[in-house]
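Just need the structure, nothing else, for what follows:
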Amino acid sequence: LGLDALNICRSDINWELHVLGDGTRKRAWMHLAERLGISKRCFFHGWIPRDQALKVMSRAHVMLITSLRDLTSTVTIEALALGLPIVCLDHCGYADTINECCGIKVPVTKYNQVIQGLAKALESLADDEMLRQKLAQGALSRAQMFSWENKIDMLCHIYSKRLNKGQDTK
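Next up, the predicted model:
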């Protein structure tokens, strides 16, 4: 999805794609990038140590997540904590994690509509640096909602509410 979306982005947009990680589809994606004529702009890093991955991510302007299977990956929160606006599918856990303050969600519809939506989102961020900066600030704020401290507070609140509700019914 990401390669096809980048392939249809306007030619005046200066982009690079850095793919971190490995998997059974890596070779196919490398071949697809070659076939589309965009391989010189695509960098497939494979599995790299976390500190190196964070360095690559910290030099990025946007995080593109096209997964249809992940519920929500840890890298999403890491990207938000680095101030990366996220372009993703409005699907699974991403639908709840990413909001209009930190990213752009693309509805999961037909294939061509999805790649058009991804391309449009990427183009809008490339065209509007103020929007990208606003979403970057929103990403930093959104990441705080997923901090361990906030998770603990939320769990304590849920347990307290549940325990109090149980006492009311006795």
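
and residue 81, what is it in contact with?
Neighbouring residues of residue 81 by Cβ atoms under 8 Å, 6 or more residues apart in numbering: 139, 140, 143. Heads up, the C-betas are built off the backbone N, CA and C, glycines and all.

I'd like the distance between it and residue 41.
26 Å (Cβ to Cβ, to the nearest Å).

do the same with residue 89
22 Å.

Neighbour count for the two, which is higher?
Higher neighbour count among residue 89 and residue 41: residue 89, with 21 against 14, using other Cβ atoms under 10 Å.

what sits against that one?
Listed by Cβ under 8 Å, 6+ apart, the contact partners of residue 89 are 1, 65, 66, 67, 68, 105, 106, 107, 108, 114.

quick one: it from residue 147, how far?
Taken as Cβ to Cβ, the span from residue 89 to residue 147 is 25 Å.

One more: residue 64?
In terms of Cβ to Cβ, residue 64 sits 24 Å off from residue 147.

Those two: which has the busier surroundings?
residue 64 (21 against 12).

from memory the more buried one sits against residue 2, does it?
Yes: look at residue 64 against residue 2 with Cβ atoms under 8 Å: they come within range, at 5.2 Å.

Now the common contact residues for the two.
In contact with both residue 64 and residue 2: 17, 118, using Cβ under 8 Å, 6+ apart.

Name the member of the contacts of residue 89 with the most neighbours.
Top of the contacts of residue 89 by neighbour count (other Cβ under 10 Å): residue 106, with 23 neighbours.

what about it, distance to residue 23?
22 Å.

swap in residue 10?
29 Å.

So which of the contacts of residue 89 sit within helices?
residue 114 (DSSP state H).

Any chance of a markdown table for the contacts of residue 89, columns distance to residue 76 and pLDDT?
Listed next are the contacts of residue 89 as a markdown table, based on distance: Cβ to Cβ, whole Å; pLDDT from 0 to 100:
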| residue | distance to residue 76 | pLDDT |
| --- | --- | --- |
| 1 | 16 | 96 |
| 65 | 7 | 93 |
| 66 | 12 | 92 |
| 67 | 10 | 86 |
| 68 | 14 | 81 |
| 105 | 12 | 97 |
| 106 | 15 | 97 |
| 107 | 18 | 96 |
| 108 | 17 | 95 |
| 114 | 18 | 97 |
